[in-house]
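**Student:** no sequence for this one, just the structure:
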Ligand code: GCB
């Protein structure tokens, strides 16, 4: 009996997930935006969610008027409703709340958002989805007083169908956003970045036909550069055995396929001459995916990425990844980055440094970053927020990590710039952690075998000779690229001794140094042994870069980090003042001395 119930529950949860599959390339769909001013109510005690017996209003048959998602209004002068969205202040969406209101800078908890809207040219024959670029961390979404669903994970997109609840006029969407940290979530309680809360990315209403192209992929085969592999997945009543077409007008290529009974078709398309995407030639082709009553256009680059012994080969040629790590923060404005303008600033700085590669740390960044990287010819490492001390033995925590990873892979699987999926960062070793990460890697390979797998691991000095650094981690056997963070000269190790250290790496895989760095307050000048001075950070770069260059299999570096970023862990006044100061650029946009040291190093590296 117990098993039957568990089985039923599992199939129910699978069903609710299957009902809301991620719609590929949301930004090119017919849509309208719900960005802008949303009314908000701060609800520290979650009064609008729980009744006074702490039962969720959601679960009660007739939620009382104190359920905020009903958006109740008093019906008479004697009617008492103790909240009112319409008289509440507003926050901008997209945007974190912390940087918009002074009293919310440190807030971690629940805030309710409300937006009213009409649907111009509402069409009964169409289907409508509410799409969120990201909400940090938990979103409970309601339309016209009814629940659409819940999503957890602060950095990945999700959408809910709302066809059944939508009207042409006077709709209201209410989102309960909760950014409280918790030990069993991903990321967990402890991180070295600001836990920005809110509806941090775009909100869009997508209008699609009753049967539409839900998802697709088109990628160059890993081995054969004259072959494209792809799939199309339809959603809707007429999906079975439906005709679909893929065309690349510039290549004069057009192919018809027929979907199977589930509306799915996997295909291969031979190609003759084509221009391959690379950092030096970021060529994107317009690709049109069509079905009987839907059409989606994307800009896709075709390239191969693989490893050969200690090298990474891009289109068969060795490449050195001149990189920098980046947090998703527009530090000059203050707050989470989300827009194309933000992406242009961040990737523009990376280009100015001489980068052909970025590590988007420590969670999936907004889609503008990878779309722009595609256009600019910047290779990308994307990362799952499995950071430090996740609950490895907790199966639900595993599901949360896997779900976020699947969502980013689903979103970005057609981006040529993305070459590495990183499973985790600096995670403490144990058998449970090894099987957790190995399972994540397996899932990733099943979803996408065209990219490389890595994780930011850790090194340490050998017992018998502390000048010899080693990486002892069984997960190194699983990854395609061995990456590790190393802070010799900052967290332990004498800066004067950097020149004497070397790494003993007995694994025939490419090596990336995923982090190194030192903190410096821009404008603070002293002799180069004075911690927090620009000169000290510059010295660390001057000493570290040539030392790393001696690692035989070194194929890339992403020093920590492009800009100073907000972190609650960094309390030292006057140097840190709430910022991690390892940026090469300050929160005022000024380059520190080490910026130029790294720039010079990259200029000297042959292509
Ligand atoms: C690390 C972490 C990164 C921190 C950085 C630091 O190793 O991966 O998230 O911000 O060190 O500055 O300590």
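**Tutor:** Received it, and whenever you're ready, just let me know what you need. As the structure is a computational prediction, the values presented were derived from the model and not from experiment. Residues are numbered from 1 along each chain as shown.

**Student:** can you measure across stretch 575-590, start residue to end residue?
**Tutor:** End-to-end distance for stretch 575-590, by C-alpha to C-alpha, to the nearest Å: 16 Å.

**Student:** return the set of buried residues in it.
**Tutor:** Neighbour-count burial for stretch 575-590 flags 576, 578, 579, 580, 581, 582, 583, 584, 585, 586, 587 (criterion: 16 or more other C-beta atoms under 10 Å). All C-beta spots, glycine's among them, are computed from the backbone N, C-alpha and C.

**Student:** contacts for it next, please.
**Tutor:** Around stretch 575-590, the neighbours that count as contacts under C-beta atoms under 8 Å, 6 or more residues apart in numbering are 192-193, 324, 331-332, 334, 349, 353, 517-524, 532, 537, 559-571, 591-592, 594-595, 598.

**Student:** could you pull out the helices for the stretch 201-350 of the chain?
**Tutor:** Taking DSSP state H, counting those that start in this stretch, the helices of the stretch 201-350 of the chain run over residues 340-353.

**Student:** okay, the buried residues of stretch 575-590 in JSON lines with distance to residue 553, secondary structure and pLDDT next?
**Tutor:** Output for the buried residues of stretch 575-590, formatted as JSON lines (distance: C-beta to C-beta, whole Å; DSSP: H, G, I helix; E, B strand; the rest coil; pLDDT from 0 to 100):
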{"residue": "576", "distance to residue 553": "35", "secondary structure": "coil", "pLDDT": "98"}
{"residue": "578", "distance to residue 553": "38", "secondary structure": "coil", "pLDDT": "97"}
{"residue": "579", "distance to residue 553": "34", "secondary structure": "strand", "pLDDT": "98"}
{"residue": "580", "distance to residue 553": "29", "secondary structure": "strand", "pLDDT": "98"}
{"residue": "581", "distance to residue 553": "31", "secondary structure": "coil", "pLDDT": "98"}
{"residue": "582", "distance to residue 553": "25", "secondary structure": "coil", "pLDDT": "98"}
{"residue": "583", "distance to residue 553": "28", "secondary structure": "coil", "pLDDT": "98"}
{"residue": "584", "distance to residue 553": "25", "secondary structure": "coil", "pLDDT": "98"}
{"residue": "585", "distance to residue 553": "30", "secondary structure": "strand", "pLDDT": "98"}
{"residue": "586", "distance to residue 553": "34", "secondary structure": "coil", "pLDDT": "98"}
{"residue": "587", "distance to residue 553": "36", "secondary structure": "coil", "pLDDT": "96"}
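
**Student:** what about residue 110, how many neighbours?
**Tutor:** 23 (other C-beta atoms under 10 Å).

**Student:** what does residue 167 give?
**Tutor:** 11.

**Student:** so who does it touch?
**Tutor:** Going by C-beta under 8 Å, 6+ apart, residue 167 touches 119, 122, 144.

**Student:** 10 Å instead?
**Tutor:** The contact partners of residue 167, taken as C-beta atoms under 10 Å, 6 or more residues apart in numbering, are 118, 119, 122, 143, 144.

**Student:** ditto for residue 177
**Tutor:** Neighbour list for residue 177: 40, 43, 91, 97, 109-113, 135-141, 154, 197-200 [criterion: C-beta under 10 Å, 6+ apart].

**Student:** for the ligand, what is the nearest residue in the stretch 251-400 of the chain?
**Tutor:** Ranked by C-beta to the nearest ligand atom, the top residue of the stretch 251-400 of the chain for proximity to the ligand is residue 362, at 5.7 Å.

**Student:** and for the chain?
**Tutor:** Closest point on the chain to the ligand, by C-beta to the nearest ligand atom, is residue 192, at 3.7 Å.

**Student:** so that residue: helix, strand or coil?
**Tutor:** With DSSP: H, G, I helix; E, B strand; the rest coil as the basis, residue 192 sits in coil.

**Student:** my guess is it contacts residue 515. True?
**Tutor:** No - Residue 192 lies out of contact with residue 515 (C-beta atoms under 10 Å); the separation is 11.0 Å.

**Student:** which one of the two has more residues nearby?
**Tutor:** Legend: neighbour count by other C-beta under 10 Å for residue 192 and residue 515, higher for residue 515 (23 against 18).

**Student:** so the more buried one sits right up against residue 485, yeah?
**Tutor:** Yes - with contact defined as C-beta under 10 Å, residue 515 counts as touching residue 485 (3.7 Å).

**Student:** what residues are shared contacts of those two?
**Tutor:** 325, 425, 426, 456, 458, 558, 560.

**Student:** roughly how far is stretch 329-349 from the heart of the chain?
**Tutor:** Put simply, stretch 329-349 sits 15 Å off its chain's centre (C-alpha atoms, centre = their mean, to the nearest Å).

**Student:** one more: stretch 473-484?
**Tutor:** A distance of 21 Å separates the centroid of the chain from that of stretch 473-484, by C-alpha atoms, centre = their mean.

**Student:** return the residues of this protein in contact with the ligand.
**Tutor:** 192, 362, 425, 426, 485, 515, 560, 580, 582 (C-beta under 6 Å from any ligand atom).

**Student:** the fourth one: neighbour count?
**Tutor:** Residues lying near residue 426 (other C-beta under 10 Å) number 18.

**Student:** so which residues of the stretch 401-550 of the chain form helices?
**Tutor:** Using DSSP H, counting those that start in this stretch, helices in the stretch 401-550 of the chain cover 431-447, 534-548.

**Student:** out of these, nearest to residue 258?
**Tutor:** Residue 258 lies closest to helix 431-447 among these, at 24.1 Å (C-beta to C-beta).

**Student:** picking that back up, pull out the buried residues from the contacts of stretch 575-590.
**Tutor:** Buried subset of the contacts of stretch 575-590 (neighbour count, 16+ other C-beta under 10 Å): 192-193, 324, 331, 349, 353, 517-522, 524, 532, 537, 559-567, 570, 591-592, 594-595, 598.
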